[in-house]
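**Student:** Give me a model of this one.
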Amino acid sequence: MTLTDSATVEAVNQLADRARRASRVLARANRDWKDRALQAIATAIDTNRVAIKQANAKDLEAGRANGTSAAMLDRLKLDDARINGLISALQELAGLPDPIGRVVRGETLPNGLRMRQVNVPMGVIGTIYEARPNVTVDIAGLSLKSGNAVLLRGGSAALNSNVALVGFIRDALESVSLPRDLVISVDEYGREGADAMMGARGKIDVLIPRGGRELIQRVVTTAKVPVIETGEGNVHIFLDESAKEQMAVDILLNAKTQRPSVCNTVETLLIHKDAAAGATVLQALHAAGVTLHTDERAASLVPEIETVAAGESDWSNEYLNLDIAVKLVDDIDEALEHIRAYSTGHTEAIITSDLANSQKFIAQIESAAVIVNASTRFTDGGQLGLGAEVGISTQKMHARGPMGLAELTTTKWIVEGDGHVRK
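**Tutor:** You can find the predicted model right below:
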């Protein structure tokens, strides 16, 4: 940090201190109080949806003027359907059990000591993300229910949207007598604010980045605060020899075209050389507007379709649009070998009618989520009943896959005795 950054560092540290004090008030809140706050936030977003969409329109207009990619603009967009989704997620969170105080394990030891390990809040969570205003609401709701305060750095691309959302969230918290400082934005400090968050060890308990590879790796390699790494999604689907044709078509179209700009969309399709459904699936994808980046053998399945010759970079590319890499493989072992070489550890799926192959795939895939005969779009906190998610963790720590309430808690050991001393 340069000397000119010292004021920003001090300002962000002070915001973290305010969040810490607010988290101590939240620690006294029971489930009913927290759930009333979640409902209040949902109501505030619903009541102010016109203002939210107007703020979002400014961000979208600026993004288009700056040449922002279609995938990023899609993530940035807040329309009525997505606002409804945010409201539903908050309401679902309010209906979930409170994770705080849950006993992970407990017993009375042979010496009479009573021991239990219980879930407790992290304390102050920091989130650095880009062009994702939905994350502002998701992380605020998840943090509130899990007993945490949160510092948000949402990036310049979604500045107007986030200013509006954070303001309405803070007002809603105050309406149920909880501190406004449970949710604080550091966006006014720009990139320097993000740098200050990364250096705020002891002020921020855990940092969660969410965005593209560049942002995530910058946080992982720079931060002094402990980081839960969320990863990009080079997601694979293996079309097994025994895959049913209509099932394969339905799954691939959903996994690639429903919302191609998100991290759980499929990016690479591996087809068994004897899969009867192979050509049909490629024809369906092409008809849906998907560009096929194929190796020579895969291209030969659909000679009537103009495909793009796949290069080495295609196997590791997270397209986030209507492009897909396609490779023909000899068997499931070659598919597994390819996935091990190029996977980012997010989600892999198999379409098969062979139980032995599905079990082999499950056992040998090391990604955070493994799916059998379903779309990869189900790797999502809301779809898996978590209410919402902070992101998809691809690391092998306590938080892995979609991160919901439980992943925003840690544990505390409570030991009670009757004058016990150690011998």
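**Student:** Who are the packing partners of the longest helix anywhere in the chain?
**Tutor:** If you go by DSSP state H, the chain has its longest helix at helix 6-26. Helices and strands touching helix 6-26, by 3 or more CB pairs under 8 Å, 6 or more residues apart in numbering; DSSP states H and E, are strand 124-129, strand 149-153, strand 183-185, helix 190-198. In this view, the C-beta of every residue, glycine as well, is placed from N, C-alpha and C.
**Student:** okay, those in a markdown table with mean neighbour count and mean pLDDT next?
**Tutor:** Converted to a markdown table, the helices and strands packed on helix 6-26 look like this (neighbours: other CB atoms under 10 Å; pLDDT from 0 to 100):
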| stretch | mean neighbour count | mean pLDDT |
| --- | --- | --- |
| strand 124-129 | 27 | 96 |
| strand 149-153 | 27 | 97 |
| strand 183-185 | 23 | 98 |
| helix 190-198 | 22 | 94 |
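**Student:** circling back: so how far is the following helix or strand past the longest helix of the chain off the chain centroid?
**Tutor:** As assigned by DSSP states H and E, the chain's next helix or strand after helix 6-26 is helix 31-47. Put simply, helix 31-47 sits 22 Å off its chain's centre (CA atoms, centre = their mean, to the nearest Å).
**Student:** and what of stretch 326-334?
**Tutor:** On CA atoms, centre = their mean, the centre of stretch 326-334 falls 29 Å from that of its chain.
**Student:** hang on, the earlier thing: show me the contact partners of the longest helix of the chain.
**Tutor:** 1, 34, 121, 123-124, 126, 144, 147-151, 178-182, 184, 186, 189, 192-193, 195-197, 199-200, 203-204 (CB atoms under 8 Å, 6 or more residues apart in numbering).
**Student:** Of all the helices and strands packed on helix 6-26, which one is nearest Pro209?
**Tutor:** Pro209 sits nearest to strand 124-129 of all these, at 4.9 Å, using CB to CB.
**Student:** Can you spell out which helices and strands pack onto the closest one?
**Tutor:** The elements that strand 124-129 packs onto, with contact taken as 3+ CB pairs under 8 Å, 6+ apart, are helix 6-26, helix 133-145, strand 149-153, helix 190-198, strand 206-210, helix 213-222.
**Student:** Reformat these as TSV; add distance to Asp418.
**Tutor:** TSV is the format used below for the helices and strands packed on strand 124-129 (distance: least, CB to CB, whole Å):
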stretch	distance to Asp418
helix 6-26	30
helix 133-145	36
strand 149-153	37
helix 190-198	45
strand 206-210	36
helix 213-222	47
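**Student:** least reliable of those going by mean pLDDT?
**Tutor:** Mean pLDDT is lowest for helix 213-222 among those, at a mean of 87.
**Student:** I'd like the next helix or strand past that one.
**Tutor:** strand 235-239.
**Student:** And the average pLDDT for that following strand is what?
**Tutor:** 97.
**Student:** cool, and stretch 54-70?
**Tutor:** Mean predicted confidence for stretch 54-70 is 94.
**Student:** Check which residues of it are buried.
**Tutor:** Ala55, Asn56, Asp59, Leu60, Ala62, Gly63, Thr68 (16 or more other CB atoms under 10 Å).
**Student:** Tell me which residues are up against it.
**Tutor:** 72-73, 76-78, 131, 133, 157-161, 163-164, 261, 320-321.
**Student:** repeat that for 10 Å
**Tutor:** 48, 53, 72-73, 75-79, 82-83, 131, 133, 155-165, 167, 260-261, 320-322 (CB atoms under 10 Å, 6 or more residues apart in numbering).
**Student:** List buried residues within those residues.
**Tutor:** Looking at these with 16+ other CB under 10 Å, the buried ones turn out to be 48, 53, 72-73, 75-78, 83, 131, 133, 155, 157-165, 167, 260-261, 320-322.
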